[in-house]
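Trainee: just the structure for this:
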Amino acid sequence: MRQAQALHFSTHDGVELHYRHWPANRNEHQPRRAVVMFHRGHEHGGRMAHLADELDMQGYDFFAWDARGHGQSPGARGDSPGFATSVRDVQTFIEHIQAHHGIAEHDMVVLAQSVGAVLIATWAHDYAPKVRCLVLASPAFKVKLYVPFDRPGLKLLKALRGNFFVNSYVKPRLLTHDPERVMSYVADPLISRPISVTMLLGLYEAADRVVADAQAIQVPTQLLVSGADFVVERQPQERFFERLGSTRKEMH
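Mentor: Presented below is the predicted three-dimensional model:
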């Protein structure tokens with residue numbers, strides 16, 4: 001198994017975010033390439049560690065961050081100054097990998113899950129990166145089970161109370177059929193259920209915008225859609241795929 005290095009990078013506003021780096025097994029003549037991974041909501045980069053071995057891409061470095069308010073990164077759990085701030089953090093992370101690890105943007109594959117996939121789709125829309133491709137697994141453009149209030153209710157409560165936190169209804173058995181992964185999720189002390197209303201409303205707004213204007217995304221994209229998903233709505237994912245501007249795209 002590859003061993004991860006625990007590292008940090010400084011964001012645009014000076015916050016130090018945690019990330020893991022699994023160096024490639026390559027010879028000196030091979031080009032430097034990378035898979036950069038972005039986790040689901042409530043989770044952290046360590047939840048994607050198994051992919052560094054399972055994908056068996058020996059010539060690729062693997063990276064996985066802990067988003068603000070997640071895992072070993074600082075901040076209130078499940079919170080950020082705003083969804084746009086977290087999108088900008090993605091850009092800063094990609095720039096950091098280029099500058100500190102010597103890997104060009106066009107030699108990066110970006111892989112993201114659920115809330116992380118919405119973050120990456122928004123980043124691809126807003127920053128037009130030149131990465132090799134995107135792999136988006138069940139992007140949470142519309143969530144079925146999350147909080148006990150609909151969007152207008154959350155907006156009204158935020159206007160009355162300011163930012164506050166709600167706990168997710170999502171259970172680990174709804175995320176995977178693998179019993180070992182379910183057990184490890186339950187036992188993982190770095191997973192936290194709260195999400196701030198600021199981030200939740202920002203997620204909804206970004207998802208609506210990106211699905212509506214997906215033709216602006218020109219990056220080659222592979223979309224992975226769950227066959228029976230109790231957490232994420234399927235129809236917005238299909239609309240996103242249909243509208244994608246890239247000439248190289250596939251959905252499974």
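Trainee: how far away is the spatially most central residue of the chain from residue 94?
Mentor: Nearest to the mean C-alpha position of the chain, by Cα atoms, centre = their mean, lies residue 116 at 1.8 Å. Distance, residue 116 to residue 94, using Cβ to Cβ, to the nearest Å: 14 Å. No exception for glycine: its C-beta is placed from N, CA and C like everyone else's.
Trainee: cool, residue 119 as well?
Mentor: With the distance defined as Cβ to Cβ, residue 119 ends up 12 Å from residue 94.
Trainee: more neighbours: the two, which one.
Mentor: In this view residue 119 and residue 94 are compared by other Cβ atoms under 10 Å, and residue 119 has more residues nearby, 24 against 21.
Trainee: quick one, what contacts that one?
Mentor: Neighbour list for residue 119: 38, 67, 83, 86-87, 90, 112, 206 [criterion: Cβ atoms under 8 Å, 6 or more residues apart in numbering].
Trainee: at 6 Å what do you get?
Mentor: residue 86 (Cβ atoms under 6 Å, 6 or more residues apart in numbering).
Trainee: quick one: classify it as helix, strand or coil.
Mentor: Using DSSP: H, G, I helix; E, B strand; the rest coil, the structure places residue 119 in helix.
Trainee: for the stretch 51-200 of the chain, what spans make up the strands?
Mentor: Secondary structure of the stretch 51-200 of the chain (DSSP state E, counting those that start in this stretch): strands at 60-65, 108-113, 133-137, 165-167, 194-196.
Trainee: out of those strands, indicate the one that is most buried.
Mentor: Mean neighbour count (mean count of other Cβ atoms under 10 Å) peaks for strand 60-65 among the strands of the stretch 51-200 of the chain, with a mean of 26.
Trainee: what's the angle from that one to strand 108-113?
Mentor: Using axes from the mean of the first three to the mean of the last three Cα atoms, to 10 degrees, the direction of strand 60-65 lies 40 degrees away from that of strand 108-113.
Trainee: who does strand 60-65 touch, helix- and strand-wise?
Mentor: Packing partners of strand 60-65 (3 or more Cβ pairs under 6 Å, 6 or more residues apart in numbering; DSSP states H and E): strand 16-22, strand 33-38.
Trainee: and the helices in this structure, which stretches?
Mentor: Counting by DSSP state H, the chain has helices at residues 50-54, 83-101, 114-127, 151-161, 179-187, 197-212, 235-243.
Trainee: this completes my enquiry, with thanks.
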